[in-house]
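*Asks:* here's a sequence, model it:
(one chain, ligands or ions: 1)
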Amino acid sequence: MLVRLMYASRAASGIDQEELAAILRQSRAANPTHGITGVLCYSEGIFLQVLEGGRGAVNRLYNRIVADPRHLGAELMLYEDISERRFASWAMGQVALARLNPSLLLKYSATATLDPFAVSGSVSMALFEELVATASVACQG
Ligand code: FAD
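*Replies:* Just a heads-up that it's a prediction; the model follows:
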């Protein structure tokens, strides 16, 4: 039983590029053991993450992530049964924001800033899919 989960949260104060790199390192080290794949996007204090994998593994990981003091206010944006993964190539991919075209954000929201709290889960998922299609996800593995 495979599921896909997407949530958004706000970074705790003091989260910098070093902390972000540590989260990605930790994720890429642990996720293969638990059959988890996905993508993490961080922009201007907001995290948006998609997790895919077995239902139990995804649910357990989400509970751990929600309790992590490096962010707060996690909101579940989307949870669905799936027959196949969309982000199978990434133990935890990172959206390469430097390569992100502002017009792509404008396509899906009122302003060219990433604000998953202001749009529906399906709109954020459509954005993720386009990022993957346009090779804006970095750091395979
Ligand atoms: P530890 O103290 O490291 O381990 C305690 C016990 O839990 C050990 O027995 C260990 O084997 C077991 N364990 C460790 N990880 C898992 C797991 N994933 N599932 C089941 N058992 C486990 N962490 C990830 O692993 N993957 C992610 O994709 C991920 N994304 C994150 C995104 C954000 C925005 C943030 C802030 C954190 C993210 N984390 C992720 C980190 C996560 O919140 C925990 O810090 C991490 O899972 C380790 O938890 P811990 O410190 O309780 O476990």
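
*Asks:* report the contact partners of residue 86.
*Replies:* 4, 50, 52, 128, 129, 132 (CB atoms under 8 Å, 6 or more residues apart in numbering). All C-beta atoms are positioned from the backbone trio N, CA, C, and that covers glycine.

*Asks:* make JSON lines from the residues you listed and add pLDDT to it.
*Replies:* Listed next are the contacts of residue 86 as JSON lines, based on pLDDT from 0 to 100:
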{"residue": "4", "pLDDT": "98"}
{"residue": "50", "pLDDT": "96"}
{"residue": "52", "pLDDT": "98"}
{"residue": "128", "pLDDT": "83"}
{"residue": "129", "pLDDT": "86"}
{"residue": "132", "pLDDT": "79"}
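
*Asks:* who in the chain is up against the ligand?
*Replies:* Residues of the chain that fall close to the ligand, judged by CB under 6 Å from any ligand atom: 23, 26-27, 30-31, 34, 40, 47, 49, 60-61, 64-65, 68, 70-71, 92.

*Asks:* I'd like the contacts of residue 86 laid out as TSV, including secondary structure and neighbour count.
*Replies:* What follows is the contacts of residue 86, written out as TSV (DSSP: H, G, I helix; E, B strand; the rest coil; neighbours: other CB atoms under 10 Å):
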residue	secondary structure	neighbour count
4	strand	21
50	strand	26
52	strand	24
128	helix	25
129	helix	13
132	helix	17
